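Asker: Structure for the following, please:
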Amino acid sequence: MRVSVAPMMDWTDPHCRFFHRLLTRHTLLYTEMVTTGALVHGDVPRHLRFNAEEHPVALQLGGSEPADLAHCARLGQDWGYDEINLNCGCPSERVQRGAFGACLMNEPQLVADCVKAMVDVVDVPVTVKHRIGIDKTESYAFVRDFVGAVSEAGCGTFIVHARNAWLKGLSPKQNREVPPLRYELVHRLKHDFPALRFSINGGFDDSAQMHEHLRLLDGVMVGREAYHNPWWLAAWDADFFGEAPSSLTREEIEVQMCDYMAREAAEHGTPWSNIARHMLGLRNGLPGARRWRQVWSDHKVKALAPHAVMALAHAPQPERAPESEPTQALAGLPS
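Answerer: Numbering: from 1, shown residues only. Next comes the predicted model:
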């Protein structure tokens, strides 16, 4: 897939993906990482339910037991996901304690066994997301040999976060910022494995920059910037897929999200605030954006229906109103 939105814990849940799909019809969307333990021992529908509108959508799994991953990959296919992705890039200590994520790069044969177990039981693509190295070892041979071993097990697509994962001394947030980006190593992988597909991830916030990498690689994955500035996604179908520019306005997207919030509340009892948090960047850079975010984030309006909250968020702000007036309490403090 030419362009995708990265799997991000606590962010890319079904509500976030529904919102992103309103903005771009063709971009590949990823779930948050779902651990094999959560599916083997937990509530499968809670972890795998998604909206039909989200396609194409990939399920990212976290785990290191081939049999468990095969079972979970089959569940993912049965639930309708378009791709199964194995997480070999997360550096968090909790993930390390589970012996999966980025630390799996130290065990390429185990990853190959995991991939083969999944490939053997599903018909959808099995892909791997990984880093370019572990800790401060910067040898290209490390990632080259990892890709070589895993590709022999049947993985044809690799999504490469072009930083090392430092397993000690850095938080997950720091691991997205401190280890230097080395895009050239991903380009070198494509040169050395021309039959494989490579998407690059890490640090993208500009469409022109993405196009530069798409001249050399098969795809670009964007994470935080896509989440914090979602209106950027509205240009992607035209920029990267040759489609006509979207005619939807931000207000029309917001109305559709209100409809979705009402549907989710009726069908699943989901509070609209669980959904609205994902669209708080929709009006970034526009006049009144701060107050708009305040209204959608105000706990005092949670009893209102989503469409009523939208009306408040777009209502003209009174120049001055006494603090005791209920309209001010509902609309949030002046920005």
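
Asker: Strands of the protein, residue ranges please.
Answerer: All strands of the chain, identified by DSSP state E, fall at 3-5, 28-35, 57-62, 83-88, 126-134, 157-165, 197-201, 219-222.

Asker: how about JSON lines for these, with distance to Cys72 added?
Answerer: Where C-beta positions appear, they are placed from N, C-alpha and C, glycine not excepted. Output for those, formatted as JSON lines (distance: least, C-beta to C-beta, whole Å):
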{"stretch": "strand 3-5", "distance to Cys72": "21"}
{"stretch": "strand 28-35", "distance to Cys72": "8"}
{"stretch": "strand 57-62", "distance to Cys72": "5"}
{"stretch": "strand 83-88", "distance to Cys72": "8"}
{"stretch": "strand 126-134", "distance to Cys72": "12"}
{"stretch": "strand 157-165", "distance to Cys72": "19"}
{"stretch": "strand 197-201", "distance to Cys72": "22"}
{"stretch": "strand 219-222", "distance to Cys72": "22"}
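
Asker: distance of Met118 from Ala153?
Answerer: In this view, Met118 and Ala153 are 9 Å apart by C-beta to C-beta, to the nearest Å.

Asker: Name the residue in the two with the higher neighbour count.
Answerer: Neighbour totals were compared for Met118 and Ala153, and Met118 leads with 28 against 20 (other C-beta atoms under 10 Å).

Asker: Do you know the pLDDT at the nearest residue to that one once chain neighbours are set aside?
Answerer: Distance criterion C-beta to C-beta, 6 or more residues apart in numbering; nearest residue to Met118, sequence neighbours excluded, is Ala73 at 4.0 Å. Looking at Ala73, its pLDDT reads 98.

Asker: contacting residues around Ala73?
Answerer: Residues near Ala73 by C-beta atoms under 8 Å, 6 or more residues apart in numbering: 61, 84, 117-118, 121-122, 126.

Asker: ok, 10 Å please
Answerer: 36, 39, 59, 61, 63, 81, 84-86, 114-115, 117-122, 124, 126 (C-beta atoms under 10 Å, 6 or more residues apart in numbering).

Asker: and if you look at Pro306?
Answerer: 254-255, 257-265, 272-273, 275-276, 296.

Asker: Go again with 6 Å.
Answerer: 258, 261-262, 272 (C-beta atoms under 6 Å, 6 or more residues apart in numbering).

Asker: can you list those residues in JSON lines and add pLDDT?
Answerer: Listed next are the contacts of Pro306 as JSON lines, based on pLDDT from 0 to 100:
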{"residue": "Cys258", "pLDDT": "98"}
{"residue": "Met261", "pLDDT": "98"}
{"residue": "Ala262", "pLDDT": "98"}
{"residue": "Trp272", "pLDDT": "98"}
